[in-house]
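Novice: Take this sequence and fold it.
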Amino acid sequence: MAITKPVAKVTPPPAAPVDEFINGAPDGESAKKERKGVQKGKREQISLTIPPALLTRLDAVAERLALSRAGMINLAIVRAVEQEEKSQ
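Specialist: Coordinates of the predicted model:
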């Protein structure tokens with residue numbers, strides 16, 4: 001007969017940390033409320049990916065209007081949001 005150590009009972013973690021972990025996931029409830037950008041003064045820096053062909057067109061229009069790429073993106077977003085708000 002062999003001597004064995006008793007098996008430790010595994011107790012589940014308390015519900016609060018589990019819920020906090022689940023809600024902290026990228027698609028969790030708290031992720032929907034949090035902004036992920038980085039504060040830069042009064043602005044918020046975000047990451048944006050766009051197709052290379054669209055980027056080329058964007059840069060061409062920005063150059064014609066004497067705007068930076070960021071300025072052109074901001075202008076386009078403002079115009080799109082204003083147009084959408086008017087249509088509601």
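Novice: Show me where this structure dips below the pLDDT cut-off.
Specialist: 1, 12-13, 26, 28-35 (pLDDT under 70).
Novice: Identify the residues contacting L48.
Specialist: By Cβ atoms under 8 Å, 6 or more residues apart in numbering, the residues touching L48 are I73. Every residue, glycine included, has its C-beta placed from N, CA and C.
Novice: does it count as helix, strand or coil?
Specialist: Secondary structure assignment for L48 (DSSP: H, G, I helix; E, B strand; the rest coil): coil.
Novice: measure it to P17 for me?
Specialist: 34 Å (Cβ to Cβ, to the nearest Å).
Novice: can you check N23 too?
Specialist: 11 Å.
Novice: In terms of neighbours, single out the busier of those two.
Specialist: For N23 versus P17, the count of surrounding residues by other Cβ atoms under 10 Å is larger for N23: 14 against 9.
Novice: Let's test this: what are the backbone torsions at that one?
Specialist: Torsion angles at N23 (phi, psi; degrees, to the nearest 10) stand at phi -70, psi -20.
Novice: From I46, how far out is the one residue sitting closest to the centre of the chain?
Specialist: Closest to where the C-alpha atoms of the chain average out (Cα atoms, centre = their mean) is K36, at 4.7 Å. Counting by Cβ to Cβ, the separation of K36 from I46 is 8 Å.
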